[in-house]
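J.: okay, here's the prediction I keep looking at, along with the sequence it came from:
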Amino acid sequence: MDFEFTDEQKMLKETARKLMEKEIIPIADEYDKKKLLLDRKLLKGLLDKLAPLGYLAAHVPEEAGGYGMSYVTWGVLSEELFRAYASLAGVVGIQNGHKMIYDIGTPEQKKRLLPALLRADKIICSAITEPNVGSNPAFIETTATLDGDHYLLNGTKTWISNGTISDVAMVVAQTKRGSGAAGLCHLIVEREVTPYEARDLPKLGLRSFPTAELVFDNIRVPKDNLLVAPGQGLKETLRAFESARAGMAIGSVGMAQAAIDASIRYAKERMQFGKQIGSFQLIQEMIADMLAETEAARLLAYRGFMMLDKKVRCDRETSMAKFYATEAAVRVTSMAIQIHGAYGLSEEYPVERYFRDARSFTIPDGTTQIQKLIVARRALGLSAFV
């Protein structure tokens with residue numbers, strides 16, 4: 001395996017880091033405390049600053065208005081943004097879900113939706129999780145009942161990233177309640193055409209990353225907005241999980257790296273007993289552990305991206321990357337707080353935000369425990385799922 005980035009990727013990483021240092025890191029704490037990413041005008045201003053590097057249209061080919069970026073290159077960009085401001089990185093990551101419309105949408109769907117999505121003039125979300133359904137999408141309860149030229153959509157989705165600010169929702173639903181994977185489909189719901197309710201859900205970390213409950217109360221969705229036909233919905237959902245989990249792994253790496261950077265700075269500046277605390281053996285042990293765990297997580301994440309670029313099955317590898325990297329980020333950011341002492345608990349320093357954000361990543365797109373069951377199932381050939 002080649003662990004070296006190309007010259008182009010190295011240059012992109014350096015350019016992204018400079019942008020983060022100048023434009024994003026200085027405002028991250030204030031925006032996070034005030035949940036300013038819910039303000040569409042302010043959010044659009046930030047997204048416009050990220051757009052020239054390819055953040056908003058990474059995976060869509062150039063001929064369709066995107067950047068045709070490899071997953072590895074996307075990982076380089078994503079790590080830098082998560083290092084700077086995880087909530088904003090979350091918005092950007094979900095926005096790139098428009099690739100599903102490019103990959104499998106009809107020509108008319110692409111023509112109507114992609115231009116605005118690629119510019120982030122419209123914000124997209126993916127609505128899968130429900131109050132009673134999380135780890136197994138085959139049991140989704142939201143229904144899409146065909147009624148002439150429309151589907152009648154009924155159900156509630158929860159913990160939907162970008163949901164509050166969304167203009168377009170890709171909704172996973174059952175065409176017949178209780179039909180399992182055989183009835184699962186994806187519908188494109190355009191809020192301007194088919195209004196739906198969205199309620200912001202406050203949470204421990206990623207405070208300014210919009211997360212919502214969506215309610216669909218007998219709303220009418222044009223039949224032409226069917227993105228994934230019944231019976232194919234589970235397959236497409238599981239395929240999307242592979243890239244999402246690799247993305248969460250590299251996001252965790254970015255947060256862990258931010259905690260390392262902050263801890264090294266603090267350990268050099270903080271004086272106790274007439275010495276820099278960085279000279280103390282136990283501080284150095286924590287720094288060494290933080291570096292090793294973060295580097296291991298980084299390698300697992302990029303292996304997943306490499307396999308995605310090769311278009312081979314990688315549920316085992318991306319699940320392993322997701323559970324290891326997210327848990328490693330919790331440990332690393334916790335050690336960062338320990339190194340900062342009482343100041344680590346204060347909002348005066350960013351490490352408490354890094355910890356809250358990292359802790360929030362062990363749950364979405366399948367908990368740590370679910371990821372471990374996926375990995376072990378491939379190893380044993382035995383499923384723990386009912």
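T.: On my side now, so go ahead.
J.: after the longest helix seen in the chain comes which helix or strand?
T.: Across the chain, the longest stretch assigned as helix under DSSP state H is helix 233-269. Tracing the chain past helix 233-269, the next element assigned as helix or strand by DSSP states H and E is strand 271-272.
J.: against which helices or strands is that next one packed?
T.: Of the remaining helices and strands, none touches strand 271-272 by 3 or more C-beta pairs under 8 Å, 6 or more residues apart in numbering; DSSP states H and E. (Each C-beta comes from the backbone N, C-alpha and C, glycine too.)
J.: adjacent strands (with direction) for that strand?
T.: Strand pairing for strand 271-272, using DSSP bridges, gives strand 275-276 (antiparallel).
J.: which residues does H150 contact?
T.: Counting by C-beta atoms under 8 Å, 6 or more residues apart in numbering, H150 makes contact with 220-223.
J.: from the residues you listed, which is closest to G366?
T.: V221 (27.3 Å; C-beta to C-beta).
J.: what separates that closest one from A169, distance-wise?
T.: Counting by C-beta to C-beta, to the nearest Å, the separation of V221 from A169 is 10 Å.
J.: same check on L308?
T.: Distance from L308 to A169, by C-beta to C-beta: 24 Å.
J.: ok, now L187?
T.: Taking C-beta to C-beta, one finds L187 at 8 Å from A169.
J.: and N96, by the same measure?
T.: With distances taken as C-beta to C-beta, N96 is found 15 Å from A169.
J.: which of these two has more neighbours?
T.: Remark: of N96 and A169, A169 carries more neighbours, 27 against 24, as counted by other C-beta atoms under 10 Å.
J.: hang on, the more buried one in a strand?
T.: Yes - A169: assigned to a strand according to DSSP: H, G, I helix; E, B strand; the rest coil.
J.: pretty sure it contacts V189?
T.: Yes - counting by C-beta atoms under 8 Å, A169 touches V189, with 4.5 Å between them.
J.: give me the common contacts of those two.
T.: Joint contacts of A169 and V189 (C-beta under 8 Å, 6+ apart) are 127, 196.
J.: so K203 belongs to a helix, correct?
T.: No - under three-state DSSP, K203 sits outside any helix and is assigned coil.
J.: for it, grab the count of nearby residues.
T.: 13.
J.: thanks a lot, catch you later.
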